[in-house]
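K.L.:
after the sequence you'll find the predicted model.
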Amino acid sequence: MVAPLRILILEDSLSDTELMLYELYSSGLELVWRCVETEPDYLTQLEAGCDVIIADYSMPQFDAMRALQLLQERGLDTPFIVVTGSISEEVAVECMKQGAADYLLKDRLVRLGQAVIQAMQQKQLRDEKRQAVAALKESEARFRRLADNAQDIVYRYRVSPTVGFEYISPAVTAILSYTPVEHYADPYLWFKFVHEDDRQVLRQWMRAEKLTQTTILHWVCKNGTIVWTEHRNVPVYNETGRLIAIEGIARDISDRKRAEGQLFYSALHDPLTGLPNRVLFMDRLGLALEHGKRNQNYLFAVLFLDLDRFKVINDSLGHSVGDQLLIATAERLKSCLRPMDTAARFGGDEFTILLDDIRAVSDAVRVAERIQAELGLPFNLGQQEVLITVSIGITLVNAKRYNRPEELLRDADIAMYQAKTQGKARYEVFDTGMHTHAVALLQLETDLRQAIERQEFRLCYQPIVLLETSQVVGFEALLRWQHPERGLVFPAEFIPVAEETSLIIPIGEWVLREACTQLHKWQTGVPIPHLSISVNLAGKQLTQPDLSAQIHQILQETGLDALSLRLEITESAIMDTTHSVTTTLSQVRDLGIQLSIDDFGTGYSSLSRLHSFPTGALKIDRSFISQIGTEPNHSNMMIVQTIVTLAHNLGLEVIAEGVETSTQLAQLRALNCKYGQGYFFSRPLDSQAAEMLIATQPG
């Protein structure tokens, strides 16, 4: 009859204990168990004896690592299994290093029974080995027959009165590449090829100064390979108590050490590019900062890089091409740096670089320019040729000004953002004014979020007129922010922040709803045929997959006819549109809504995409209109004429923005430009003033 297993459980949660017992019984184990949660109770149960210990990694009064230490201090070889709610790879590796048989997550206890069975099987193997070593002492012949066929290295090393191997099993050749004969001939052979980091440990345990339960050594073999061995040693004393020999078994644990090394590597490196990850980069950055505080002459720089328009590439060509681009980018970055520098992938399409021990900011600038030149070359990714640019922020580090590595990275990030706002594909060196500006932007973002909740936004309406008669045919809805402290804030100041933080999505929805509501009210009060309202759509709004459904719902709720709504998209936003965005805008157009390209003429690629973009009108940018009648060579006039002719040939309407003088009006009429808006006709009006203007229009 097999005796039941004696299970000792370290756990302070009754429910978790019950879950463990449920899994153990479900595995068919016969057992008796005790549960403790304090160190004294644990020690008492150790004295009483147990077969397996299952311990919660962390408890208020006690924890698994302390329990494992107490177990090892008493020389008990009891299988020890760690159970935890969550555990990092580093902690898991440490548990195994300290002698735990296994570790499990509490939400995966289904493996607990099998883990106990395996631990007991491993314990049984260890017991059998110990019994074998004891038997070998009784019979030299039995010892040799067993040892000579063992896969592990079995040895007896004499330390007194002379030194040298009395016996070492043939397995030493397969594991360490040196034969038993070579070991017998050279008493100090192990000291010659053990790794230099372990020589002191080897000296200590061969003098019985550090004979622990297990010792791990690594060796440099004949062919240069590294081998790891785990040793279990037994000191042998004579009748007077003098150490005369050391007997032991060495097991090849190279596979296990490589697995541990891979776990450690994976914890510190990006799996896609192989570059150091955020954790490792921040560690090296911290070391550089500490070195800088000790050495006043030491300078280093941090570069923060962001690939421009990477999302467009990723969305249009696919994530596979995007991943290939990131890998290729990492290789080019490494080619631009010295061995002493560190390049890391910080996340997404962001990279960071630590330039170690430089002389001046000019060194960092040269590296930034080298990187921009290298990344500016075409990437050939399979069948695709991809061109990208990069925005770079540079922080030259004076260690006295910084206390934490996060501060360095923050300033480099701020400088990178400045490069983005200045037009991308450039670098900027951080100065304290940038930080002040960043703090102000953060406050602006906070105020924006509150503005949505407090309904601080207002709409103004600028008339759009038929140029031939100056009759009002519609309005453009213009957003204003009535800040409680700063007064009226214009869009140029807060829209970029709203777009970056995605607040533009709820703001844009509010603008669309408010404009539709207002126009329907005007149409009901003073009917004017074909009166329309124009509303701007931001780039981030275009990426919403439910945009057409959202607009359709607003039209239904406000009662506005779709024919009365015009949506304006800037030319720069069109350049970044993907196929899915074009599909969404086609769905919007199918609702009966007209789409207009705003600020036309300021971009560089939309001319080639006009045939595929579902637009019905072009709005000529005010920068061209403002020069009409003032420039000697009439170049802007010729551009306007070209745009009007192009639009007419494509069957598109044309609206001139920024009309401010009678000369401009006359020239536009001569060019057959049909519509216009600007201060010559009216400034933006509040809803009441706009309604009065509508009332004065002929029916």
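P.N.:
Yes, it's here.
K.L.:
C-alpha only now, for contacts and for neighbours.
P.N.:
Fine.
K.L.:
where does pLDDT dip in the stretch 351-500 of the chain?
P.N.:
Across the stretch 351-500 of the chain, the ranges flagged by pLDDT under 70 are 399-400, 432-442.
K.L.:
in the protein, which helix is the longest?
P.N.:
Using DSSP state H, we find that the single longest helix of the chain is helix 112-138.
K.L.:
which residue ranges of the stretch 51-200 of the chain form helices?
P.N.:
Secondary structure of the stretch 51-200 of the chain, counting by DSSP state H, counting those that start in this stretch: helices at 64-73, 89-97, 112-138, 140-148, 171-176, 180-185, 189-193, 199-206.
K.L.:
buried set for the shortest one?
P.N.:
Read it as helix 189-193. The neighbour-count check on helix 189-193 (16 or more other C-alpha atoms under 10 Å) flags Phe193 as buried.
K.L.:
residues in contact with it?
P.N.:
Outside helix 189-193, the residues within contact range by C-alpha atoms under 8 Å, 6 or more residues apart in numbering are Glu182, His183, Arg199, Leu202, Trp219, Val220, Cys221.
K.L.:
cutoff 6 Å now
P.N.:
With contact meaning C-alpha atoms under 6 Å, 6 or more residues apart in numbering, helix 189-193 is reached by Trp219, Val220.
K.L.:
same deal with the fifth one?
P.N.:
With C-alpha under 6 Å, 6+ apart as the test, helix 171-176 has contacts from Gln151, Ile153, Thr179, Cys221.
K.L.:
distance from the chain centre to it, please.
P.N.:
Mean C-alpha position of helix 171-176 versus that of the full chain (C-alpha atoms, centre = their mean, to the nearest Å) differs by 45 Å.
K.L.:
next, the buried residues of that helix.
P.N.:
For helix 171-176, by 16+ other C-alpha under 10 Å, it's Ala171, Val172, Ile175, Leu176.
K.L.:
would you reformat those residues as CSV and include distance to Ser623 and pLDDT?
P.N.:
Below are those laid out as CSV (distance: C-alpha to C-alpha, whole Å; pLDDT from 0 to 100):
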residue, distance to Ser623, pLDDT
Ala171, 85, 87
Val172, 84, 85
Ile175, 79, 86
Leu176, 79, 86
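K.L.:
just give the closest residue to Asn398, not the sequence neighbours.
P.N.:
In space, and not counting its chain neighbours, Asn398 is closest to Leu299: 6.7 Å by C-alpha to C-alpha, 6 or more residues apart in numbering.
K.L.:
quick one, phi/psi of the one you found?
P.N.:
The phi/psi pair for Leu299 (degrees, to the nearest 10) reads phi -120, psi 150.
K.L.:
you'd agree it is up against Leu354?
P.N.:
No. In this structure, Leu299 is not within contact of Leu354 by C-alpha atoms under 6 Å, at 10.9 Å.
K.L.:
and the pLDDT at Ser160?
P.N.:
Predicted confidence (pLDDT) for Ser160: 82.
K.L.:
I should have written Leu337 there, sorry.
P.N.:
As predicted, Leu337 sits at a pLDDT of 92.
K.L.:
burial count for it?
P.N.:
By other C-alpha atoms under 10 Å, 17 other residues sit near Leu337.
K.L.:
all strands for the stretch 251-400 of the chain, in order.
P.N.:
Along the stretch 251-400 of the chain, the segments classed as strands by DSSP state E, counting those that start in this stretch run 300-308, 342-347, 350-355, 379-381, 384-386, 389-397.
K.L.:
can you list the ones you listed in JSON lines and add mean neighbour count?
P.N.:
Formatted as JSON lines, these follow (neighbours: other C-alpha atoms under 10 Å):
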{"stretch": "strand 300-308", "mean neighbour count": "24"}
{"stretch": "strand 342-347", "mean neighbour count": "21"}
{"stretch": "strand 350-355", "mean neighbour count": "23"}
{"stretch": "strand 379-381", "mean neighbour count": "14"}
{"stretch": "strand 384-386", "mean neighbour count": "12"}
{"stretch": "strand 389-397", "mean neighbour count": "26"}
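K.L.:
would you mark the buried spots in stretch 287-296?
P.N.:
Those would be Ala288, Leu289, Gly292, Lys293, for stretch 287-296 by 16+ other C-alpha under 10 Å.
K.L.:
can I get the strands of the stretch 251-400 of the chain in CSV including distance to Thr543?
P.N.:
Below are the strands of the stretch 251-400 of the chain laid out as CSV (distance: least, C-alpha to C-alpha, whole Å):
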stretch, distance to Thr543
strand 300-308, 18
strand 342-347, 22
strand 350-355, 22
strand 379-381, 26
strand 384-386, 22
strand 389-397, 22
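K.L.:
tell me what Asp56 is bridged to.
P.N.:
Applying DSSP bridges to Asp56 yields these beta-bridge partners: Val83.
K.L.:
hang on, it packs against Ile9?
P.N.:
No. Checked against C-alpha under 6 Å, the pair Asp56 and Ile9 is beyond contact range at 8.2 Å.
K.L.:
in terms of neighbours, single out the busier of these two.
P.N.:
Using other C-alpha under 10 Å as the criterion, Asp56 and Ile9 rank with Asp56 on top: 27 against 21.
K.L.:
check what pLDDT that one gets.
P.N.:
Listed pLDDT for Asp56 reads 87.
K.L.:
now Ser572
P.N.:
pLDDT, Ser572: 70.
K.L.:
a strand runs through it, doesn't it?
P.N.:
No. Under DSSP: H, G, I helix; E, B strand; the rest coil, Ser572 falls outside any strand and is assigned helix.
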